[in-house]
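Any chance you can model this:
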Amino acid sequence: MEAADEATAAALAASCGREVEVLEERTEFQTLHALPDGQMRLDTSIAAVRTQVSGEWADIDTTLVESAAGIEVAAPAVEMVFSDGSPGQPLASMQRDGHQLTFDVPFDLPAPVVYGTGLEYPDVIDGVDLLVSVNADATGFSEVLRVESPQAAADPRIADLAFPITVSDGLELTEADGGFAAVDSEGERVFRSPQPAMWDSRADRAAPNLTPRLIGGMSPSAGMRLTSDEGLRIGAARLAAPVDGDAWAFMDVALEDQAVQVGLDEEMLADPSTVWPVYVDPSVSGSRSEWVAVSSAGWKHYNFSSDDGVGRCGTTGSPMYCSSVFTERLAWQFTGLQAIGNVDPSNVTSATFSVYGTHSYSCTASPIEAWWTGGINSGTTWSFGWTGSNEFGGGMHLRLGIGRDPANLNRARWHVDFGSTHVPNGRSGQLISYTQARRGAN
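Okay, the predicted model is just below:
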């Protein structure tokens, strides 16, 4: 049931004995319900769950469609238009809250091949293809250059890679956390790009059933399954990130003359063990919130859409396991919680932090913990000060459904203490937490 405002929704909920949504409080990320007992429940998602199309709310649709402006996302949370190959058209243009950012490449673009949520611009340079894919919640995109050989990498447009960027009035480009951000007059990061990475194709020499890994903010596994029948044809899994077993490296970034200068890792390019093609990103996001997966092995996955997990991979040497021993943690930072920050803690009767789980390595339940922590960003790594955080909700033993069938998703929940020290800040409206497997658990 729905009602226009809070008062009407509260009266309708009490009268009908059912929860009623308050439509005037609906956003891309939040839903407010009036409950029959007189309370209100606010549900907030880390990723966009809906968007407005022609003034009406609609489900997110990341399908790419042709338009007069170029190639657009059908129903995005952040408006995006990509080049259709017309002369002078930038690779991508993004709009959010009246702000705009354009992201271009240092070479001409042909007409792309469009496939669902992705684009391929073939042979932008001899031996180089450009791959673009839209994030799962349509708040940003990832672009990847697929460089086929050392000869292609030696082209000055690749060796001295620079992406021209422009922003609208009211935004300022700045280097941030190893990447860059477009910041408004109040210091809010309207658009952001994490530290770019590059990776090779070393995992192609391994066995099939490789697990796609994520760097930079999009899902390499969206819409596909890797099976033994596909052998070593990983293909689309590398649209945005390495798979387990690839060699990879983060790259340095500098802002010069309204362009992002990206320094490729010379050691990887010159290493005789590098397996070509080599892939080079960055990605750009307009999401309001941030989340990250960090590993003791050094890699991080920022604003990812895939199903990164928590725990320790302690077994190697088989295609069913990892290429190295590492431990992984997940962290989320919710933004836009001013409504909660303005509430007296004594009026918060309960709060729950929950995450979806898609797979467990073992049928035996493993302990998982949730903690408060300090602010995270695209530069957060394993060396972040996790030990100074406070646990909330205690640990829990969890066994998630085996497999990746969406119908079998399980939700892990923790009770959140909303004492005076843990209510989100009324100015920033942020709530930050992270999860980890309890020490000794896989």
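
looking at it, residue 373 is touching residue 332, isn't it?
No - with the criterion set as CB atoms under 8 Å, residue 373 and residue 332 do not qualify as a contacting pair; they are 9.7 Å apart. Placement of C-beta: from N, CA and C, glycine included.

What ranges does the stretch 301-442 of the chain have for its helices?
For the stretch 301-442 of the chain, the helices defined by DSSP state H, counting those that start in this stretch cover 338-341.

contacting residues for residue 248?
For residue 248, the set of contacting residues under the criterion of CB atoms under 8 Å, 6 or more residues apart in numbering consists of 197-200, 215, 242, 299.

likewise residue 130?
Applying CB under 8 Å, 6+ apart to residue 130 gives the contacts 91, 105, 109, 120-121, 124, 143-146.

could those residues go into JSON lines alongside pLDDT?
Output for the contacts of residue 130, formatted as JSON lines (pLDDT from 0 to 100):
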{"residue": "91", "pLDDT": "98"}
{"residue": "105", "pLDDT": "97"}
{"residue": "109", "pLDDT": "98"}
{"residue": "120", "pLDDT": "95"}
{"residue": "121", "pLDDT": "96"}
{"residue": "124", "pLDDT": "97"}
{"residue": "143", "pLDDT": "93"}
{"residue": "144", "pLDDT": "94"}
{"residue": "145", "pLDDT": "96"}
{"residue": "146", "pLDDT": "95"}
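
ok, those vs residue 381, which is closest?
Here the nearest of the contacts of residue 130 to residue 381, counting by CB to CB, is residue 144; it sits at 21.7 Å.

What count of nearby residues applies to that closest one?
For residue 144, the number of neighbouring residues by other CB atoms under 10 Å comes to 26.

Residue 353 too?
By other CB under 10 Å, the residues close to residue 353 number 18.

which residues does it bridge with?
Residues in a beta bridge with residue 353, per DSSP bridges, are residue 414.

hang on, it packs against residue 416?
Yes - here residue 353 lies in contact with residue 416, judged by CB under 8 Å, at a distance of 5.2 Å.

Leaving out chain neighbours, which residue sits closest to residue 189?
When the adjacent residues along the chain are set aside, residue 189 lies closest to residue 181, with 4.4 Å between them (CB to CB, 6 or more residues apart in numbering).

Report the separation between that neighbour and residue 335.
14 Å (CB to CB, to the nearest Å).

I'd like the domain boundaries of this structure, if you could list them.
1-44, 56-288, 304-442 (automatic domain parsing).

Okay, now the unreliable bits of the stretch 101-250 of the chain?
Under the criterion of pLDDT under 70, the regions of the stretch 101-250 of the chain flagged as low confidence span 204-241, 244.

so where do the helices sit in it?
Shown for the stretch 101-250 of the chain, the helices assigned by DSSP H, counting those that start in this stretch span residues 150-153, 156-159.

Which residues does the first one contact?
Applying CB under 8 Å, 6+ apart, the contact partners of helix 150-153 are 125-128, 147, 158-159, 264, 269, 276, 278.

re earlier: pick the most deeply packed of the domains of the chain.
Mean neighbour counts were taken over those using mean count of other CB atoms under 10 Å, and the top value, a mean of 19, falls to domain 56-288.

From the centre of this structure, give me the residue that's furthest out.
In the chain, residue 15 marks the outermost C-alpha relative to the chain mean, sitting 41.4 Å out by CA atoms, centre = their mean.

Quickly find the element holding that residue.
The secondary structure element spanning residue 15 is helix 6-16 (assigned by DSSP states H and E).

Please name the residues that touch residue 156.
Residues in contact with residue 156, defined by CB under 8 Å, 6+ apart, are absent; none qualify.

Surely residue 340 and residue 41 touch.
No - proximity of residue 340 to residue 41 does not meet the contact threshold set by CB under 8 Å, at 11.5 Å.
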